[in-house]
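Undergrad: model the structure of this input:
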Amino acid sequence: MLSREELERYARHIVLRDVGGPGQAALKKARVLVIGAGGLGAPVLYYLAAAGVGTLGIVDDDLVSLSNLQRQVVHSTADIGDFKVESAAAAIGRLNPHVAVERHPTRIAPGNALELIARYDLVIDGCDNFATRYLVSDACYLARKPLITGALGPFDAAITTLRAHERTPQGEPNPTYRCLFPEPPPPGSIPACSEAGILGALPGIAGSMMALEAIREIVGFGEGLVGRLLMIDARAMRFETLSYAWDPHNPLSGERPTILDLSAHM
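TA: Numbers count the residues shown, from 1 in each chain. Below you'll find the predicted structure:
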């Protein structure tokens, strides 16, 4: 049930035919795990909290630094030196006291990934490295959890949704992250954000779209990004979508899978 205050807070959602009272109740019931409280995670957390997602879990072992503040808008100057999970939780509390925040000040790893993911209905990955991205996508498949994953470049971003444990209406398995990107790039071939830089507003755009995709997934309306990669080009202000499908040779969910657990990530 929504309280009188919540009915007023979410009034602009409730009047939407595709959301309404049942959709808002679904948001309140939802448990979402956000991996990374950085450039992508900051707008994801803010907009999901504003939307009334009932429980937000945050996984991040990093501390707030001055160089984060150019794009990680959930943190402030006063938070420098604090754990990001703590400063993000405080910001969420100021925005919406109806949202419960579960702090996980740790790095997601093969030893804790399945346990963490199992507690939530939906996972959103805003990490900044390929090793974690592959770990999380493999773990979500094994745990049978939907995943929204995003990646950033200096002037570009990409977002997709994975429901690799489910099938298409035609009966074919949905694609995995490994169907889209079979192998990670060689170590050191992609420069880190500290070396390449990043346009500050870009994570806000991409993270907000990841939050929108999460709301759509929870409420259940429209056409999502399963089997589609949304690409953002900030230089040309261009949005493009690439379709991709299940690869029967992928090592996770293919016809002869070789990844049966997370031991390959250890």
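
Undergrad: and the next helix or strand past the least confident helix or strand in the chain by mean pLDDT?
TA: Least confident helix or strand of the chain, by mean pLDDT, DSSP states H and E, is helix 193-196 with a mean of 84. From helix 193-196 onward toward the C-terminus, using DSSP states H and E, the following helix or strand is helix 202-219.

Undergrad: which helices and strands does that next one pack with?
TA: Helix 202-219 is packed against helix 20-29, helix 41-51, strand 122-125, strand 147-152, strand 156-162, strand 228-233, with contacts defined by 3 or more C-beta pairs under 8 Å, 6 or more residues apart in numbering; DSSP states H and E. All C-beta spots, glycine's among them, are computed from the backbone N, C-alpha and C.

Undergrad: give me the angle between the fifth one and helix 202-219.
TA: Read it as strand 156-162. Orientation check (axes from the mean of the first three to the mean of the last three C-alpha atoms, to 10 degrees): strand 156-162 against helix 202-219 gives 20 degrees.

Undergrad: relative to strand 147-152, how tilted is strand 156-162?
TA: 170 degrees.

Undergrad: just checking, next helix/strand downstream of strand 156-162?
TA: The first helix or strand that comes after strand 156-162 along the chain, using DSSP H and E, is helix 177-180.

Undergrad: what does the longest one give?
TA: Moving toward the C-terminus from helix 41-51, the first helix or strand encountered (DSSP H and E) is strand 55-59.

Undergrad: give the rounded mean pLDDT of that following strand.
TA: Summarised as a single mean, pLDDT over strand 55-59 is 98.

Undergrad: tell me how far residue 12 lies from residue 5.
TA: According to C-beta to C-beta, to the nearest Å, residue 12 and residue 5 sit 15 Å apart.

Undergrad: then residue 167?
TA: From residue 167 across to residue 5, the span is 41 Å (C-beta to C-beta).

Undergrad: want to throw the helices and strands packed on helix 202-219 into TSV with mean pLDDT and distance to residue 253?
TA: Shown next, in TSV, are the helices and strands packed on helix 202-219 (pLDDT from 0 to 100; distance: least, C-beta to C-beta, whole Å):
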stretch	mean pLDDT	distance to residue 253
helix 20-29	98	28
helix 41-51	98	26
strand 122-125	98	17
strand 147-152	97	13
strand 156-162	98	10
strand 228-233	98	18
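
Undergrad: tabulate these (a markdown table), appending distance to residue 201.
TA: Formatted as a markdown table, these follow (distance: least, C-beta to C-beta, whole Å):
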| stretch | distance to residue 201 |
| --- | --- |
| helix 20-29 | 26 |
| helix 41-51 | 10 |
| strand 122-125 | 20 |
| strand 147-152 | 12 |
| strand 156-162 | 11 |
| strand 228-233 | 11 |
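
Undergrad: among these, which is the most enclosed?
TA: Comparing the helices and strands packed on helix 202-219 by mean neighbour count (mean count of other C-beta atoms under 10 Å), strand 122-125 comes out on top with a mean of 27.

Undergrad: helix or strand right after it?
TA: helix 130-143.

Undergrad: now for that next one, which elements pack on it?
TA: Using 3+ C-beta pairs under 8 Å, 6+ apart: helix 130-143 touches helix 113-118, strand 122-125, strand 147-152, strand 156-162, helix 177-180.
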